[in-house]
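Asker: here are the coordinates; sequence isn't available:
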């Protein structure tokens, strides 16, 4: 089933066209990585998908037009995590922030506490439950920002630059968390400059105002010319494989298999 | 970055700290209201004694108390001197204002600030003002960090603070940058709130008012009235 369908989406900020005829879809339970240079319209696309901005074109979530959703249904269907966690964490404590969306959903007190505890344990954040956001490290803030949306259990999660400014350990933790969420059935769309992250996804889309290409990671990431023309570069591992005359890997697991075959 | 304000010692275990935050605020506000209406010197002294007693009960280090209150006290002192110059009675004003300042300090230093905001809402503070207070408390630190970054950046570019036109221009531009960043952030925060279904104040509190809390409110109410009865009795009204 298609979780998300976008057809001929156009969006302009005053007279500056940011999205032009954007058309793509996302299957339920898959990870789609959207890559593109600065100003390619990735965040604008996400804001359109969540109904915060309204462009021309059709957006369908699980077969229903976004215009047919009321606000409550929409926040339970699609959630977005911003690039900067300080934009996302606006309540005075971690607990208040996690419970914010749940209170808006009208859940009762016990259910809110259960959900908050569930998400705290899922993201291993129990120890910072009552902390102020300004006392957290950037990696912790990022985790809490994602947790604050995940606790509302949206079926589609949009992550805007999730790995930006993270240290390697926090980055690895985050990738593991994303993969776990997909295992549990969540559909994830990631906007990023981190092309390595694309190797964890099912499909990759190059966006540069319009959709340049969409396909499997090995297919998209091995076209170095196309990537460069759009202000991007291939992951180091893909460049290594291509320079060895090997096929580009689809994922890190795939890379290991190809390399083992090559070495034997 | 770790910033601490008035609530640095909110973790202590004094009788005042143990009070339900709503009862504490309510009781202290009653005393505060009573204090600002006092006109007699003896009553003002009594009120100051009560305020200092409450302050001592909190067991907060006096050095920290002085650090937090020094600017307020300097301001009150300056006002009192000005009143003296213009022929008014400065001592009562000084006593009343100092009592009020100490009471406010006791109210907000003995609970975490976020808990105090929720308690304010719990005793009837309007939702919209509670929300504004919460955002202010959350984002004041973000703004402080932004300012520190900009200030460091100026230092790295060999900028020196002088009394010159260029310094003033630079301060102006720095403030403008902070405003623009704040505006952009406010837009993003608004979007984030909408995406999480915001419709009004979304707070969850877990306050419990016990006998001890009710006793505290009753005592403060008694003291507040007693201060004025003392005044009436003194002047045999």
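Answerer: Yes, it's here. This structure is a prediction, so every number in the text was calculated from the model and none was measured. Numbers count the residues shown, from 1 in each chain, chains lettered A, B, ... in the order given.
Asker: tell me the bridge partners for the closest residue to residue A:63 other than its chain neighbours.
Answerer: Leaving aside its sequence neighbours, residue A:63 sits nearest to residue A:2 (Cβ to Cβ, 6 or more residues apart in numbering or on different chains; 7.1 Å). For every residue, glycine as well, the C-beta is placed using N, CA and C. For residue A:2, the residues forming beta bridges with it (DSSP bridges) are residue A:27.
Asker: my read: residue A:2 touches residue A:32, true?
Answerer: No. Using Cβ atoms under 8 Å, residue A:2 is not in contact with residue A:32; the gap is 11.5 Å.
Asker: okay, and the common contacts of those two?
Answerer: Listed as contacting both residue A:2 and residue A:32 by Cβ atoms under 8 Å, 6 or more residues apart in numbering or on different chains are residue A:26.
Asker: so who does residue A:60 touch?
Answerer: Residues in contact with residue A:60 (Cβ under 8 Å, 6+ apart) are A:2, A:4, A:5, A:6, A:7, A:66.
Asker: now residue A:80
Answerer: A:46, A:47, A:49, A:50, A:149, A:157, A:158, A:159, A:160, B:195.
Asker: any idea which of the residues you listed is closest to residue B:77?
Answerer: Set against residue B:77, the nearest of those by Cβ to Cβ is residue B:195 (49.6 Å).
Asker: for that closest one, grab the count of nearby residues.
Answerer: Around residue B:195 there are 27 other residues, counting by other Cβ atoms under 10 Å in any protein chain shown.
Asker: and chain A, which of its residues are near chain B?
Answerer: With Cβ under 8 Å from any Cβ of the partner chain as the criterion, chain A comes near chain B at residues A:47, A:50, A:52, A:71-72, A:75, A:79-80, A:82, A:84, A:86-93, A:96, A:99-101, A:103-105, A:109, A:112, A:132-135, A:148-149, A:152.
Asker: which ones among these map onto strands?
Answerer: A:79, A:80 (DSSP state E).
Asker: between residue A:2 and residue A:32, who's got more neighbours?
Answerer: residue A:32 (23 against 13).
Asker: now the helices for the stretch 151-264 of chain A?
Answerer: Assigned by DSSP state H, counting those that start in this stretch, the helices in the stretch 151-264 of chain A fall at A:168-183, A:217-221, A:224-229, A:236-243, A:252-263.
Asker: okay, buried residues for stretch A:13-22 please.
Answerer: Of the residues in stretch A:13-22, those buried by neighbour count under the rule 16 or more other Cβ atoms under 10 Å in any protein chain shown are A:18, A:19, A:22.
Asker: what's the answer for stretch B:126-140, then?
Answerer: By neighbour count on 16+ other Cβ under 10 Å, the buried set for stretch B:126-140 is B:130, B:131, B:133, B:134, B:135, B:137, B:138, B:139.
Asker: just stretch B:143-155 next, same as before
Answerer: For stretch B:143-155, by 16+ other Cβ under 10 Å, it's B:146, B:150.
Asker: still on that earlier bit, from the buried residues of stretch A:13-22, which is closest to residue A:258?
Answerer: Using Cβ to Cβ, residue A:22 comes nearest to residue A:258 of the buried residues of stretch A:13-22, at 33.1 Å.
Asker: the helix or strand residue A:140 falls within to helix A:168-183, inter-axis angle?
Answerer: Under the criterion of DSSP states H and E, residue A:140 resides in helix A:138-150. In terms of direction (axes from the mean of the first three to the mean of the last three Cα atoms, to 10 degrees), helix A:138-150 departs from helix A:168-183 by 10 degrees.
Asker: pLDDT on helix A:138-150, on average?
Answerer: Mean per-residue pLDDT for helix A:138-150: 92.
Asker: show me which of the buried residues of stretch B:126-140 neighbour chain A.
Answerer: Among the buried residues of stretch B:126-140, chain A is touched by B:134, B:135, B:137, B:138, B:139 when using Cβ under 8 Å from any Cβ.
Asker: how close does residue A:29 get to chain B?
Answerer: According to Cβ to the nearest Cβ, to the nearest Å, residue A:29 stands 22 Å off from chain B.
Asker: what about that residue, how many neighbours?
Answerer: Other residues close to residue A:29 by other Cβ under 10 Å number 16.
Asker: and the worst-scoring helix or strand of chain B on mean pLDDT, how far out from the chain's middle?
Answerer: Least confident helix or strand, chain B: helix B:127-156 with a mean of 84, by mean pLDDT, DSSP states H and E. A distance of 17 Å separates the centroid of the chain from that of helix B:127-156, by Cα atoms, centre = their mean, to the nearest Å.
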